[in-house]
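*Asks:* take a look and give me a structure for this.
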Amino acid sequence: MTQLIHKELTYTIRGVLFDVHNQLGPMLPETFYQQAVAIGLEAKGIKCQTEKAFEVYYREGQVGLYYVDLWLEDGLVLLELKVAPEIVPLHQAQAIAYLKVTDADLALVVNFGAKSLEVERLPNFVSDKKVDWQWEKRDTENDLLFADLTNALLEAGHRVHAELGPGFLHQVYRRAAMIELRHQGIGYSYIKQVPITYQGHSLGQQDTRLILVEDKVLWATVAVKHIDEAMKLALKSRLKLLDIQLGLIMNFNSTQLELAIVRQSGEGTDS
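*Replies:* Presented below is the predicted three-dimensional model:
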């Protein structure tokens, strides 16, 4: 029989989690549960920190920070809190990514969004594990614009996703993407803002946070629930403004990298 990691500690933690759920009920804002759990754990003599910061690295370059919901006993356990209908594979993948960043022994994914409390254990088997990742070049038979460059960007995006996993902020993936471009020797410029005009009148500057690759492809790196039509139309308007023919949106907040290909003229495709 497999021995549970930190069995006695997690037994006490679960007791606090169930008490919080019983007392507060489901579907409150996550911060209420975070505060309540911290109070309950400290009352049990369990050392607890909320929003502890960890640096996130990609290819030895710092790309951002991750804040742990609850960090217990100096990293014996981290709690990742959710308020959702149920725990889904994305939540598990996020917790695994956080284990890799923090080197905690164990993650507990805790969902306060359902009628009954859900708690899932995820031991850390990934902190020192090298990512086993291989890239298969995309089929270019369908007249893919800038096929070689586009394939290079797809490879870069998939590598970033494989290394970091989901669950971080937009800028983490954007910075990692630019590190990967430099590593691959691919030229790019970072477009932070673009001018917005109407009938020749300046309306101001709009934040864009886009990567223009070799003056050919506009690359948007996002971390959202899913890529929607409004995001595609927004990128298409930036393509017209900058006179770029091809745009890529890559969504890293998923168990698999989500892709949308947007063209200045004509329809885009998804993958």
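
*Asks:* where does pLDDT dip in this protein?
*Replies:* Residues of the chain meeting the criterion pLDDT under 70: 1-2, 127-133, 136, 138-143, 266-271.

*Asks:* tell me where it has helices.
*Replies:* Counting by DSSP state H, one finds helices in the chain at the ranges 7-24, 30-43, 89-102, 147-164, 170-184, 229-242.

*Asks:* tabulate the ones you listed (CSV), appending distance to Asn251 and mean neighbour count.
*Replies:* Backbone N, C-alpha and C define where each C-beta goes, glycine included. Listed next are these as CSV, based on distance: least, CB to CB, whole Å; neighbours: other CB atoms under 10 Å:
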stretch, distance to Asn251, mean neighbour count
helix 7-24, 31, 16
helix 30-43, 22, 17
helix 89-102, 11, 20
helix 147-164, 9, 19
helix 170-184, 9, 20
helix 229-242, 9, 15
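
*Asks:* would you tell me which of the ones you listed gets closest to Leu210?
*Replies:* Closest of the helices of the chain to Leu210 is helix 229-242, at 6.5 Å (criterion: CB to CB).

*Asks:* distance from the closest one to the middle of the chain?
*Replies:* With CA atoms, centre = their mean, to the nearest Å as the basis, helix 229-242 stands 22 Å off its chain's centre.

*Asks:* ok, back up a step: including distance to Val83, could the helices of the chain go into CSV?
*Replies:* CSV is the format used below for these (distance: least, CB to CB, whole Å):
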stretch, distance to Val83
helix 7-24, 11
helix 30-43, 5
helix 89-102, 11
helix 147-164, 24
helix 170-184, 22
helix 229-242, 25
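
*Asks:* what's in contact with stretch 5-14?
*Replies:* Stretch 5-14 has contacts (CB atoms under 8 Å, 6 or more residues apart in numbering) with 4, 41, 44, 46, 72-73, 76-77, 79, 105-106, 108, 119, 121, 123.

*Asks:* next one: stretch 118-125
*Replies:* Against stretch 118-125 from outside (CB under 8 Å, 6+ apart): 4-5, 10, 14, 17, 86-87, 91-92, 95-96, 99-100, 103-111.

*Asks:* off-centre distance for it?
*Replies:* On CA atoms, centre = their mean, the centre of stretch 118-125 falls 19 Å from the chain's centre.

*Asks:* now which of the contacts of stretch 5-14 would you call buried?
*Replies:* Neighbour counting with 16 or more other CB atoms under 10 Å marks 41, 46, 72-73, 76-77, 79, 105-106, 108, 119 as buried within those.

*Asks:* circling back to that earlier point, which pair in the contacts of stretch 5-14 spans the largest distance?
*Replies:* Using CB to CB, the pair of these lying farthest apart is Lys44 and Pro123, separated by 22.1 Å.

*Asks:* wait, what's in contact with Arg74?
*Replies:* Not Arg; residue 74 is Asp. By CB under 8 Å, 6+ apart, the neighbours of Asp74 are Lys47.

*Asks:* next: Val217.
*Replies:* Contacts of Val217 (CB under 8 Å, 6+ apart): 146, 149-150, 153, 244, 246-248.

*Asks:* make it 6 Å
*Replies:* Taking CB atoms under 6 Å, 6 or more residues apart in numbering, we find Val217 in contact with Leu246.

*Asks:* contacts for stretch 172-182?
*Replies:* For stretch 172-182, contacts defined as CB under 6 Å, 6+ apart pick out 56, 58-59, 61, 63-64, 156, 160, 188, 221, 252.

*Asks:* alright, calling it a day.
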